[in-house]
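Student: Structure, please.
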Amino acid sequence: MEEAMCDIGVIGLVVMGRNLALNISDHGYKVAVFNRTNSKVDEFLAQEAKDTSIVGAHSIEELTSKLKTPRRIMLMVKAGEVVDQTIEQVLPHLQEGDTGRPHIVFEL
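Tutor: Sure, this is the predicted structure:
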(Lines give C-alpha, C1' and ligand atoms only; values in the text may rest on other atoms or scores of the structure.)
Protein backbone atom coordinates (compact mmCIF):
# COMPACT_ATOMS: atom_id res chain seq x y z
CA MET A 1 0.00 0.00 0.00
CA GLU A 2 1.29 3.46 -0.82
CA GLU A 3 2.50 5.31 2.28
CA ALA A 4 0.57 8.48 1.32
CA MET A 5 -2.77 6.77 1.92
CA CYS A 6 -3.17 6.75 5.68
CA ASP A 7 -6.70 6.86 7.04
CA ILE A 8 -6.02 9.13 10.00
CA GLY A 9 -3.27 11.16 11.60
CA VAL A 10 -2.45 11.42 15.30
CA ILE A 11 -0.46 14.35 16.61
CA GLY A 12 1.03 13.81 20.05
CA LEU A 13 2.71 10.61 21.15
CA VAL A 14 2.46 10.65 24.91
CA VAL A 15 0.63 7.73 26.54
CA MET A 16 -2.86 8.50 25.20
CA GLY A 17 -1.67 9.33 21.68
CA ARG A 18 0.41 6.16 21.44
CA ASN A 19 -2.43 3.97 22.70
CA LEU A 20 -4.96 5.63 20.40
CA ALA A 21 -2.72 5.10 17.35
CA LEU A 22 -2.18 1.45 18.27
CA ASN A 23 -5.91 0.89 18.84
CA ILE A 24 -6.86 2.46 15.51
CA SER A 25 -4.20 0.37 13.76
CA ASP A 26 -5.43 -2.80 15.49
CA HIS A 27 -8.84 -2.15 13.93
CA GLY A 28 -7.47 -2.23 10.39
CA TYR A 29 -6.77 1.44 9.70
CA LYS A 30 -3.48 2.88 8.52
CA VAL A 31 -2.28 5.61 10.90
CA ALA A 32 0.28 8.39 10.43
CA VAL A 33 1.80 9.80 13.62
CA PHE A 34 3.70 12.99 14.45
CA ASN A 35 5.21 14.45 17.58
CA ARG A 36 7.06 17.74 17.83
CA THR A 37 9.96 15.79 19.37
CA ASN A 38 10.97 13.61 16.43
CA SER A 39 12.79 11.11 18.63
CA LYS A 40 9.40 10.15 20.15
CA VAL A 41 8.17 9.22 16.65
CA ASP A 42 11.25 7.11 15.97
CA GLU A 43 11.10 5.41 19.40
CA PHE A 44 7.40 4.62 19.01
CA LEU A 45 7.91 3.11 15.55
CA ALA A 46 10.85 1.02 16.76
CA GLN A 47 9.09 -0.23 19.89
CA GLU A 48 5.31 -0.37 20.38
CA ALA A 49 4.39 0.27 16.72
CA LYS A 50 6.94 -2.15 15.25
CA ASP A 51 5.32 -4.50 12.71
CA THR A 52 2.11 -2.42 12.50
CA SER A 53 0.68 -0.30 9.68
CA ILE A 54 1.57 2.88 11.59
CA VAL A 55 3.88 5.27 9.72
CA GLY A 56 5.82 8.17 11.14
CA ALA A 57 6.19 11.78 10.09
CA HIS A 58 8.82 14.27 11.21
CA SER A 59 6.83 17.38 10.31
CA ILE A 60 3.20 18.41 10.12
CA GLU A 61 3.61 18.91 6.38
CA GLU A 62 4.84 15.33 6.02
CA LEU A 63 1.98 14.04 8.19
CA THR A 64 -0.70 15.76 6.12
CA SER A 65 0.89 14.54 2.87
CA LYS A 66 0.43 10.95 4.06
CA LEU A 67 -3.33 11.30 4.66
CA LYS A 68 -6.22 10.44 2.37
CA THR A 69 -8.64 13.26 1.72
CA PRO A 70 -10.65 14.45 3.44
CA ARG A 71 -7.89 14.46 6.02
CA ARG A 72 -8.70 13.40 9.57
CA ILE A 73 -6.32 14.39 12.34
CA MET A 74 -6.67 13.87 16.07
CA LEU A 75 -4.73 16.14 18.39
CA MET A 76 -3.52 14.39 21.51
CA VAL A 77 -1.67 17.32 23.03
CA LYS A 78 -1.72 19.06 26.38
CA ALA A 79 -4.75 21.28 26.92
CA GLY A 80 -4.32 25.02 26.63
CA GLU A 81 -2.13 27.16 24.44
CA VAL A 82 -0.42 24.13 22.86
CA VAL A 83 -3.73 23.17 21.22
CA ASP A 84 -4.06 26.58 19.56
CA GLN A 85 -0.43 26.54 18.46
CA THR A 86 -0.78 23.08 16.95
CA ILE A 87 -3.97 23.99 15.10
CA GLU A 88 -2.23 27.09 13.67
CA GLN A 89 0.62 24.88 12.43
CA VAL A 90 -1.74 22.32 10.87
CA LEU A 91 -4.19 24.65 9.10
CA PRO A 92 -1.85 25.81 6.29
CA HIS A 93 -1.43 22.17 5.22
CA LEU A 94 -5.13 21.37 4.94
CA GLN A 95 -7.61 21.85 2.12
CA GLU A 96 -11.28 22.73 2.13
CA GLY A 97 -13.24 19.81 3.52
CA ASP A 98 -10.43 18.52 5.73
CA THR A 99 -11.53 20.48 8.78
CA GLY A 100 -15.33 20.32 8.43
CA ARG A 101 -15.77 19.01 11.94
CA PRO A 102 -12.40 18.92 13.65
CA HIS A 103 -12.07 16.37 16.43
CA ILE A 104 -9.72 17.62 19.07
CA VAL A 105 -8.84 15.48 22.06
CA PHE A 106 -6.88 16.90 24.96
CA GLU A 107 -4.29 15.15 27.03
CA LEU A 108 -3.75 16.59 30.47
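
Student: Excluding covalently adjacent residues, which one is nearest to Leu45?
Tutor: Spatially, and ignoring its direct neighbours in sequence, Leu45 is nearest to Gly56 (4.9 Å; C-beta to C-beta, 6 or more residues apart in numbering). (Each C-beta comes from the backbone N, C-alpha and C, glycine too.)

Student: these two touch, right, His17 and Ile73?
Tutor: Not His; residue 17 is Gly. No: the pair Gly17 / Ile73 is not scored as a contact, 11.6 Å apart, by C-beta atoms under 8 Å.

Student: Can you classify Ile87 as helix, strand or coil?
Tutor: Classification of Ile87 using DSSP: H, G, I helix; E, B strand; the rest coil returns helix.

Student: What segments of this structure are helices?
Tutor: Using DSSP state H, the helices found in the chain span residues 15-26, 38-46, 60-65, 81-90.

Student: got those as a markdown table, with distance to Asp98, mean pLDDT and mean neighbour count columns?
Tutor: A markdown table is the format used below for the helices of the chain (distance: least, C-beta to C-beta, whole Å; pLDDT from 0 to 100; neighbours: other C-beta atoms under 10 Å):
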| stretch | distance to Asp98 | mean pLDDT | mean neighbour count |
| --- | --- | --- | --- |
| helix 15-26 | 18 | 96 | 18 |
| helix 38-46 | 22 | 98 | 15 |
| helix 60-65 | 8 | 96 | 18 |
| helix 81-90 | 9 | 89 | 14 |
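
Student: Among those helices, which comes closest to Asp7?
Tutor: Taking C-beta to C-beta, helix 15-26 is the member of these nearest to Asp7, at 7.7 Å.

Student: Residues contacting the closest one, please?
Tutor: For helix 15-26, the external contacting residues (C-beta atoms under 8 Å, 6 or more residues apart in numbering) are 7-8, 10-11, 13, 31, 33, 35, 44, 48-49, 52-54, 74, 76, 105, 107.

Student: Apply 10 Å and report the result again.
Tutor: 7-13, 29-35, 40, 43-44, 47-49, 52-55, 74-77, 105-108 (C-beta atoms under 10 Å, 6 or more residues apart in numbering).
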